[in-house]
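S.K.: no sequence for this one, just the structure:
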């Protein structure tokens, strides 16, 4: 295993730099040449459910985090709970309306401490969410003609896909500059030799594919699921792991192994210094926020997918006709800002208007879509996903029972219950 050498390097610090919304096929060559590159299967399609998976080593069905209102259980905050290590979550360029240690993702992860890389004391585990390829590309978060991402995609829908892509690349280039600043800090502090740097992303980004879809969150497709991960350390030679994938869920068990620490609970991921996974899972359940509306819950978007190096199978749980009606309403009746680019793009391309329209809705609603050339068959893919979902339900029920017993013990009520 190419990463096995890291176990003998006396690594004291970990830096995980998340270049938000960076898709696999746009990974900067200036970063890949610095270490070991892995094609990576993101655990979900947006930050709120992907980050808890990176931290915990568990897929979203086990973390239970699907919306911005969910919280990661203290029992599953693996990377922030490694004994003897200072930890930090830093969001300097993403949530610019709040301090870098007070973001929405901090709330989901239990408000972990936030120290800059200049001030955190060694040994440490430092995680940064950089704006990267998140909209509006190349502009500060929330700032574009006063309308943020909505106005940005509307404007670039008029300008066209090629200019959108060029702007996306500018955003990635800005993030790489930010990454180099972090490396410079490590060098100035004399920490490069004993620090493992991991450059990765929480999910990918759509740039007008499938009839004009943009942003992320849905559907599960190669552009959103596949992200790059580069392990950087002086002991590692430049290497590209061709033919296999790693997953977000592998980060925690791998880092724990490199630091000679035990994981705190049963993992979905594996230790990459010893094992190479063959497939990865991706889940997207529900909207950005919880809802008590019966209609919204009836039309709730749910998608599960499984991916190997060559491609994947995506399954939408919403009935085909309900899904088609739902997205037609969202795009053309409600005129949801999420689809601003698509609508403007259709106006500018009247000859392919209907073709692009149906292509977009198909990718959002078809019960099954096979992307690229996966080695797994459809039936095997569906079976593996169903087995995991069943396992995760049993896992959460078991954890619920353990928590209940633990709370009763704390209150002193368990003895009476056992006697009965």
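M.R.: Sure, I can see it. Quantities reported herein were computed from a predicted structural model and do not represent experimental measurements.
S.K.: longest strand of the chain?
M.R.: Ordering each strand of the chain by length in residues (DSSP state E) puts strand 239-247 first.
S.K.: what sits up against that one?
M.R.: By C-beta atoms under 8 Å, 6 or more residues apart in numbering, the residues outside strand 239-247 that reach it are 2, 32, 35-41, 43, 229, 269, 272, 276-281, 307-309. Glycine gets a C-beta too; all of them are placed from N, C-alpha and C.
S.K.: could you redo the last one with a cut-off of 6 Å?
M.R.: Residues outside strand 239-247 that contact it (C-beta atoms under 6 Å, 6 or more residues apart in numbering): 2, 36-41, 276, 280, 309.
S.K.: same deal with stretch 135-154?
M.R.: For stretch 135-154, contacts defined as C-beta under 6 Å, 6+ apart pick out 94, 96, 131, 167-168, 170-171, 214, 337, 340-341, 344.
S.K.: show me what the host helix or strand of residue 129 is packed up against.
M.R.: Using DSSP states H and E, residue 129 falls within strand 124-130. Packing partners of strand 124-130 (3 or more C-beta pairs under 6 Å, 6 or more residues apart in numbering; DSSP states H and E): strand 13-19, strand 86-90.
S.K.: just how off-centre is the very next helix or strand once past it within its chain?
M.R.: Using DSSP H and E, the helix or strand that directly follows strand 124-130 along the chain is helix 148-159. Here helix 148-159 is found 24 Å from its chain centre; the criterion is C-alpha atoms, centre = their mean, to the nearest Å.
S.K.: ok, stretch 241-254 next?
M.R.: Here stretch 241-254 is found 13 Å from its chain centre; the criterion is C-alpha atoms, centre = their mean.
S.K.: if I look at residue 397, what pLDDT would I see?
M.R.: Confidence at residue 397, expressed as pLDDT, is 84.
S.K.: and it, how far from residue 62?
M.R.: 11 Å (C-beta to C-beta, to the nearest Å).
S.K.: what of residue 226?
M.R.: Residue 226 is 22 Å from residue 62, by C-beta to C-beta.
S.K.: hang on, residue 285 packs against residue 66?
M.R.: Yes - with contact taken as C-beta atoms under 6 Å, residue 285 and residue 66 are classed as touching, separated by 4.6 Å.
S.K.: mind listing the helices for this protein?
M.R.: Applying DSSP state H to the chain gives helices spanning 29-32, 47-56, 60-63, 104-108, 148-159, 161-188, 222-225, 251-258, 294-298, 320-328, 340-348, 353-365, 378-411, 414-419.
S.K.: burial of the closest residue to residue 331 other than its chain neighbours, as a residue count?
M.R.: Closest residue in space to residue 331, ignoring its immediate chain neighbours: residue 339 at 4.6 Å, by C-beta to C-beta, 6 or more residues apart in numbering. A total of 25 residues lie near residue 339 under the criterion other C-beta atoms under 10 Å.
S.K.: does residue 339 touch residue 333 like I think?
M.R.: No - using C-beta under 6 Å, residue 339 makes no contact with residue 333, being 11.2 Å away.
S.K.: show me what contacts the residue nearest to residue 370 when sequence neighbours are not counted?
M.R.: Leaving aside its sequence neighbours, residue 370 sits nearest to residue 313 (C-beta to C-beta, 6+ apart; 5.6 Å). Residues near residue 313 by C-beta under 6 Å, 6+ apart: 306, 370, 378, 381.
S.K.: again, only this time at 7 Å
M.R.: 305-306, 368, 370, 374, 376, 378, 381 (C-beta atoms under 7 Å, 6 or more residues apart in numbering).
S.K.: of the residues you listed - the most surrounded one?
M.R.: Per-residue neighbour counts (other C-beta under 10 Å) across the contacts of residue 313 peak at residue 305, which has 26 neighbours.
S.K.: I'd say it and residue 314 touch.
M.R.: Yes - if you go by C-beta atoms under 7 Å, residue 305 and residue 314 touch, sitting 4.0 Å apart.
S.K.: which neighbours do the two share?
M.R.: Joint contacts of residue 305 and residue 314 (C-beta under 7 Å, 6+ apart) are residue 220.
S.K.: before we move on, the earlier item: okay, and the common contacts of residue 285 and residue 66?
M.R.: residue 60.
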